[in-house]
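>>> Dropping the sequence and predicted coords here.
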Amino acid sequence: MKFYLSSYGIGKKAGELKRLARGRKIGLILNALDHVKPGERKASNEKNLKELSSLGLDVEILDLKDYFGKKQRLKEKIDTLGGVWVRGGNTFVLRQAMKLSGFDKIIKNLNNKDFLYGGYSAGICVLAPSLEALQQVDDPSVMPYKESKETVWEGLGMLDYIILPHYRSDHPESADIDKEVEFCKKNKIPFKTLRDGEVIVIE
C-alpha cells in the first residue's frame, strides 16, 4: 500500500498525490465529520470534494455508514477502487465508523500494493497503534451512531508511530497539539509532528 499523509487538506505535494492516484477511482471517506451539524458538514465536505476533483482526480463518496454490518459488501466496493482519501474531523468518530463497517479489517488485510491510502488530520491520525494521545484535541466520548457501544482506543496500527498534525500552524487546534506532544513524550509513544502544508509520502 502507498500512503499520502497530509497535515491539512491536500498539502504541498499535490503532484505526488496525482501520481500515486494514477487516474484510478478514489473513494472519499467523510465520516470523521458525522457528528457535526448537517449544514456545516455539507459545506465542508463539498469543499473537500471540490479540492480533489480540481486536481483531476476521479473521486466518489464512500460513506461507511452505508456498510455498517455489511463488511463483505464494503470489501467488494473497495476492490473496485484504486485508493481512498480520508478527511479530517474527530478521529474517534472516524474510528467508530471504520469498526462498524469492517473497514478497519479490510484495509489492514488488503494485498493490493498499489492501493493508495491518502488523507489528512484525523484521516492519518487513525493509522497509529493507539489513539490515546488524541484525547487532548478530539473528544473520545462523541458517538453519533446508534450502533456505537464504547470508545475505540485502538488505532489501525498501519504505522508504528502516531502523526500529530497542525503542529505550530495557523489552525484552531494548533495550541493543543503541544499537549499531545508532551503526552507522547511522557508516555514514550513514538510520534511525528506535521505542520500544515507538510506531507509524508510512503511507497
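Looks like it came in fine.
>>> packing partners for the helix or strand bottoming out on mean pLDDT in the chain?
Within the chain, no helix or strand scores below helix 174-186, which has a mean of 91 by mean pLDDT, DSSP states H and E. With contacts taken as 3 or more Cβ pairs under 8 Å, 6 or more residues apart in numbering; DSSP states H and E, helix 174-186 sits against strand 162-164, strand 191-193. C-betas here are computed from N, CA, C, even on glycine.
>>> three-state assignment of the residue positioned nearest the centre of the chain?
Residue closest to the mean C-alpha point of the chain, counted by Cα atoms, centre = their mean, is residue 123 at 1.1 Å. Classification of residue 123 using DSSP: H, G, I helix; E, B strand; the rest coil returns helix.
>>> surely it meets residue 31?
No: if you go by Cβ atoms under 8 Å, residue 123 and residue 31 don't touch, sitting 9.7 Å apart.
>>> any chance of the helices and strands packed on helix 174-186 in JSON lines, plus distance to residue 6?
Shown next, in JSON lines, are the helices and strands packed on helix 174-186 (distance: least, Cβ to Cβ, whole Å):
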{"stretch": "strand 162-164", "distance to residue 6": "10"}
{"stretch": "strand 191-193", "distance to residue 6": "13"}
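>>> any idea which of the ones you listed is most buried?
Of all the helices and strands packed on helix 174-186, strand 162-164 has the most neighbours on average by mean count of other Cβ atoms under 10 Å, namely a mean of 24.
>>> show me what contacts the residue nearest to the centre of the chain?
29, 32, 85, 86, 87, 88, 94 (Cβ atoms under 8 Å, 6 or more residues apart in numbering).
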